[in-house]
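J.: With the input below, show me the fold.
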Amino acid sequence: MKPTLKSWATPLVIATFIISAVTGILIFFHKEGGLIKPVHEWLSWALVTGGVLHTIANWKSFANYFSRKAALAIISTGLIITIAAITVPSQGKGGNPFMRVNRTLSTASVETLAPIVKLTPEQAVAKLEQKGLKVGNANQSIKEIATSNDSEAQKVILALFE
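T.: Down below sits the predicted model:
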C-alpha cells in the first residue's frame with residue numbers, strides 16, 4: 001500500500017506537537033538547558049509544515065469548520081490573538097529580565113561600566129582590547145564597540161565581566 005499524505009501528515013503533527021508542547025512548557029518555566037530552546041524553535045517548523053500538509057489532506061473537513069459558529073469563534077479568536085501578538089508594540093515592561101538588563105548595559109559607556117567590574121575606565125578599555133576588541137575610548141558605548149567590531153553587545157559585555 002502506497003503511503004498517502006493523510007497517513008504521515010497527521011502523525012507528523014502529533015509528534016511535533018508533543019515536542020513543541022513539552023519544550024514550550026519547559027521554556028515557560030525557565031528550564032532551558034541543553035537543546036530545549038533550539039529543538040523547540042527548529043522543530044516548530046516541522047509542526048507548521050505538518051499542520052499545513054494535514055490541512056491540505058483534510059481540506060473538505062477543514063472547510064466545514066467555517067460553517068460552525070463555535071469553531072469559527074475559536075479560529076477567529078486565535079487569529080486575533082496572533083495578529084495582536086505580532087502588531088501590538090511592547091510597553092517595555094515584562095519580557096525577559098536578562099534581555100532588559102542587556103539592552104540597558106549595551107547603551108552604557110565603558111567608563112560607566114568600569115566601576116561595576118572594579119576597574120578604572122583605562123583598565124576596562126585595556127581588558128576589552130586584550131580580548132581582541134578595538135575600542136576608541138572609554139566614552140564609547142558597548143553597542144558602538146560591538147558594531148565597530150562586527151560583534152554583538154552581549155559578547156562585549158561578557159568580555160568586560162570575565
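J.: what's the neighbour count on the closest residue to residue 161 other than its chain neighbours?
T.: Nearest non-adjacent residue to residue 161, counting by CB to CB, 6 or more residues apart in numbering: residue 117, 5.9 Å away. Where you see a C-beta, it was placed from the backbone N, CA and C, and this is true even at glycine. When neighbours are counted by other CB atoms under 10 Å, residue 117 registers 14.
J.: Check the one 3 residues further on too.
T.: By the criterion of other CB under 10 Å, residue 120 has 12 neighbours.
J.: And it, how far from residue 159?
T.: 17 Å (CB to CB, to the nearest Å).
J.: domain parsing for this structure?
T.: 1-57, 63-88, 97-161 (automatic domain parsing).
J.: most neighbours per residue, which of the ones you listed?
T.: Neighbour counts (mean count of other CB atoms under 10 Å) averaged over each of the domains of the chain peak at domain 97-161, with a mean of 16.
J.: Could you give the average pLDDT over that one?
T.: Domain 97-161 shows a mean pLDDT of 90.
J.: Likewise for stretch 53-63?
T.: On average, stretch 53-63 scores 93.
J.: on that earlier part again, so the residue nearest to residue 161 touches residue 159, yeah?
T.: No - using CB atoms under 8 Å as the test, residue 117 is too far from residue 159 to be in contact (10.4 Å).
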